[in-house]
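[1] The sequence and its predicted three-dimensional model are supplied below.
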Amino acid sequence: MSGFVEKPEPLQVPGLTHLHTGKVRDLYRDEAGDLVMVASDRLSAFDWVLPTEIPDKGRVLTRLSLWWFDRLSDLAPNHVLSTELPAGAPADWAGRTLICKSLDMVPVECVARGYLTGSGLAEYKVSRTVCGLALPEGLSDGSELPAPIFTPATKAAVGDHDENVSYEEVAHQVGAETAALLRQSTLAVYSRARDIARERGIILADTKFEFGFARTGEGEPGQLVLADEVLTPDSSRFWPADQWQPGRAQPSYDKQYVRDWLTSPASGWDRTSEQPPPALPQEVVDATRAKYVEAYELLTGDRW
């Protein structure tokens, strides 16, 4: 059992039709047929959407995504049409709302890894592979890979866990041509972002992207477009380069602080039980917010 501890009721906004409440984002459609994507301050961990929000998180994710979209536009067009607040929308939506193209989304999480950790490390320990790709002997938690790899995953519903799949499975699902395009685009965008982050003293260990095809109106798929959020602490592992040390878990600019607290005796929560996780204490909220803001400031060079 997992999902929302307390699922929020969608806001009713004149001129907007509510489509979906996700782990972090709420999706609406406007009267022109475009998507309205609102990034909340919700936080998910261990496939649960927690009952405690992290102040400013949605605005950090939105502003950081926009910063990255600008730096990736020559490699991959993106879905953003406008950052204007829709008429009648609540004031709290300011800074967390994007008007986006409606795309035919590809049902694949496009993951790029430049370092070994997480689910990739777990598979490597068993078979010396990640998503069926053979890797050298002798790697450990945090090791840099010889070259970045494309390790796709299935897109899971809220409360379910994405599952790593092989490239061959993706090709079977979406076709060989689309699979090749996804791999090429994912690795190109990752490599650009990795180099930008490295210049700022940050290791981009891995990240995931979502892509969709632009609608041509003629029944044929159009251009591949980068969608959702990109290269935020929610979708990426960012590590401080000066503290990188393979062979152990790395310090990170993301919600690892929350994961660590939830699995500690202090939380009193048993992850293997069917009970929902507890509310976060204020010190965990403050520390997590600080990590998100620090990542934004280090990457962009701007003060929050």
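    On my side now, so go ahead.

[2] What separation do you get for the residue nearest to G268 when sequence neighbours are not counted and T52?
    In this structure, G268 finds its nearest non-sequential neighbour in P278, 6.7 Å apart by C-beta to C-beta, 6 or more residues apart in numbering. The way it works is simple: take the backbone N, C-alpha and C, and place the C-beta from them, glycine included. Distance of P278 to T52, computed by C-beta to C-beta, to the nearest Å: 9 Å.

[3] Name the residue in these two with the higher neighbour count.
    The neighbour comparison of P278 against T52 (other C-beta atoms under 10 Å) goes to T52, with 19 against 15.

[4] For the closest residue to that one other than its chain neighbours, give me its contacts.
    Take T52 and drop its neighbours on the chain: the residue closest to it by C-beta to C-beta, 6+ apart is L280, 4.0 Å away. Taking C-beta atoms under 8 Å, 6 or more residues apart in numbering, we find L280 in contact with 50, 52, 258, 261, 288.

[5] where along the stretch 151-300 of the chain do the strands fall?
    153-154, 202-215, 221-227, 236-240 (DSSP state E, counting those that start in this stretch).

[6] of these, which approaches V13 most closely?
    strand 221-227 (21.8 Å; C-beta to C-beta).

[7] now the strands for the stretch 1-150 of the chain?
    Assigned by DSSP E, counting those that start in this stretch, the stretch 1-150 of the chain shows strands spanning 3-4, 16-21, 25-30, 35-39, 44-45, 48-49, 80-82, 97-100, 104-105, 108-115, 129-130, 133-134, 144-150.

[8] The third one relative to strand 35-39, how many degrees between them?
    This means strand 25-30. Put simply, strand 25-30 runs at 150 degrees to strand 35-39, going by axes from the mean of the first three to the mean of the last three C-alpha atoms, to 10 degrees.

[9] Mind listing residues that contact strand 25-30?
    Against strand 25-30 from outside (C-beta under 8 Å, 6+ apart): 10-11, 13, 15-21, 35-40, 86, 99, 102, 228-229.

[10] same deal with the longest one?
    Strand 108-115 is touched from outside by 120, 130, 142-145, 148-155, 162, 164, 170, 173-174, 182-183, 185-187, 189-190, 194, 203-211, 237, 239, with contacts defined as C-beta under 8 Å, 6+ apart.

[11] Let's see that with 7 Å instead.
    Here strand 108-115 makes contact (C-beta atoms under 7 Å, 6 or more residues apart in numbering) with 120, 130, 142-145, 148-155, 162, 170, 174, 182, 186-187, 190, 194, 203-211.

[12] Sheet partners, orientation included, of it?
    strand 144-150 (antiparallel), strand 153-154 (antiparallel), strand 202-215 (antiparallel) (DSSP bridges).

[13] Now do the second one: distance to the chain's middle.
    Distance, stretch centre to chain centre, for strand 153-154: 13 Å (C-alpha atoms, centre = their mean, to the nearest Å).

[14] on that earlier part again, for the residue nearest to G268, what are its contacts?
    Applying C-beta under 7 Å, 6+ apart to P278 gives the contacts 267-269.

[15] Swap in 8 Å and give it another go.
    51, 267-269.

[16] Could you export those to CSV, including columns for neighbour count?
    Shown next, in CSV, are the contacts of P278 (neighbours: other C-beta atoms under 10 Å):
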residue, neighbour count
P51, 15
S267, 18
G268, 10
W269, 18
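
[17] Turn those residues into a markdown table, columns for pLDDT and distance to H79.
    As requested, the contacts of P278 are exported to a markdown table (pLDDT from 0 to 100; distance: C-beta to C-beta, whole Å):
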| residue | pLDDT | distance to H79 |
| --- | --- | --- |
| P51 | 93 | 30 |
| S267 | 95 | 37 |
| G268 | 94 | 42 |
| W269 | 95 | 37 |
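
[18] Just name the closest of the residues you listed to V284, please.
    Of the contacts of P278, the one sitting nearest to V284 (C-beta to C-beta) turns out to be S267, at 9.0 Å.

[19] roughly how far apart are the closest one and D260?
    10 Å.
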